[in-house]
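K.L.:
sequence first, then the predicted structure:
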Amino acid sequence: MKNRFLERSRQQARHYHSTQAGGSWPNGVCIYHVYDDEQRNELSWWDDVGFIHSRMRVKVAWQHPRNLYQAYIDTAAYTACAHLNLEPTDWFSQPGKTLYKKVGLGRKKRYATEMLFTEAQEAWLQALAAAKEELRFSAQYTICPSIRIRQLPWCKAVELVAPLEVRSQTEAHQLINVVRALLKQETTLYELFPGCHYTQANWLAEQGSHATTSESQFHTPISVPTHLTGEQN
């Protein structure tokens, strides 16, 4: 029995795409970011791409396991400091010191505001930084590749966690090919990344050496089989 809500969302997503007349998706692909040639050997953390599949738009939110590992550390650090209960809730309403610069003889212009914190707030910030530094070496998490697919009224949303590196338009297109193959059920995450686990050992190896992709022990180049690199449907 078909899910009427899901079918309606699919119809709405196809209608939305049909009324956009291409928009910002030339050749059925949307690359959101500009890539710096100087950073092609750096570790990548997350990216967003889009493409057309089954007459609807697919929005991909990809992140490397190291990005999720970092998020877990940040969350644990905030939890460890929660008892202080001193996090500034509205940074823009904090009192500040106005900074000026000279713009002429006897004239000055305001150009910035230096944020000022109370001693208690400074203590909270220092405690948070200390907690993050401690957890950076002591936290033990295991991150496995995962994918979550949701049908929205304007697109199909895909959240992918996979040990890829996306640092150029070429690699962004390869990421699109991987997601397209997964949606077509031509492959699975297990087949693409058999036995893949990102652990504390991988994290420490990358953090300790400020590794580039050539040095990282967990770097997995995007290698898509030729039969998975077809054009969009």
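P.N.:
All right, it came through fine.
K.L.:
so where do the strands sit in the chain?
P.N.:
Remark: strands assigned in the chain by DSSP state E are 29-31, 46-53, 56-63, 96-104, 107-115, 146-151, 156-161.
K.L.:
ok, the shortest one: who's next to it in the sheet?
P.N.:
To tie it back to what came earlier, the one meant is strand 29-31. strand 46-53 (antiparallel) (DSSP bridges).
K.L.:
mean confidence for the strand it pairs with?
P.N.:
Taken as a whole, strand 46-53 has a mean pLDDT of 95.
K.L.:
go on, stretch 185-198?
P.N.:
On average, stretch 185-198 scores 93.
K.L.:
list the buried ones in that stretch?
P.N.:
Neighbour counts over stretch 185-198 (16 or more other CB atoms under 10 Å) mark 189, 192-193, 196, 198 as buried. The C-beta positions use only the backbone N, C-alpha and C, and glycine is treated the same way.
K.L.:
now those residues as JSON lines including distance to Gly28?
P.N.:
Formatted as JSON lines, those follow (distance: CB to CB, whole Å):
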{"residue": "Leu189", "distance to Gly28": "24"}
{"residue": "Leu192", "distance to Gly28": "23"}
{"residue": "Phe193", "distance to Gly28": "26"}
{"residue": "Cys196", "distance to Gly28": "29"}
{"residue": "Tyr198", "distance to Gly28": "32"}
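K.L.:
of all those, which comes closest to Arg136?
P.N.:
Tyr198 (14.9 Å; CB to CB).
K.L.:
next, the angle from the longest helix along the chain to strand 107-115.
P.N.:
In the chain, with assignment by DSSP state H, the single longest helix is helix 119-138. Interaxial angle of helix 119-138 relative to strand 107-115 (axes from the mean of the first three to the mean of the last three CA atoms, to 10 degrees): 60 degrees.
K.L.:
for helix 119-138, output the C-alpha coordinates as PDB.
P.N.:
Provided in PDB are the C-alpha atoms of helix 119-138 (Å, rounded to 0.1, in the frame of the first residue of the first chain):
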ATOM      1  CA  GLU A 119      34.800  37.300  35.000                       C
ATOM      2  CA  ALA A 120      32.300  34.500  35.300                       C
ATOM      3  CA  GLN A 121      31.800  34.400  31.600                       C
ATOM      4  CA  GLU A 122      35.500  34.300  31.000                       C
ATOM      5  CA  ALA A 123      35.700  31.400  33.400                       C
ATOM      6  CA  TRP A 124      33.000  29.600  31.400                       C
ATOM      7  CA  LEU A 125      34.900  30.100  28.100                       C
ATOM      8  CA  GLN A 126      38.100  29.000  29.600                       C
ATOM      9  CA  ALA A 127      36.500  25.900  31.100                       C
ATOM     10  CA  LEU A 128      34.900  25.100  27.700                       C
ATOM     11  CA  ALA A 129      38.200  25.400  25.900                       C
ATOM     12  CA  ALA A 130      39.900  23.200  28.500                       C
ATOM     13  CA  ALA A 131      37.100  20.600  28.200                       C
ATOM     14  CA  LYS A 132      37.500  20.500  24.400                       C
ATOM     15  CA  GLU A 133      41.300  20.200  24.700                       C
ATOM     16  CA  GLU A 134      41.000  17.300  27.200                       C
ATOM     17  CA  LEU A 135      38.300  15.500  25.100                       C
ATOM     18  CA  ARG A 136      40.400  15.900  22.000                       C
ATOM     19  CA  PHE A 137      42.800  13.300  23.300                       C
ATOM     20  CA  SER A 138      40.500  11.200  25.600                       C
END
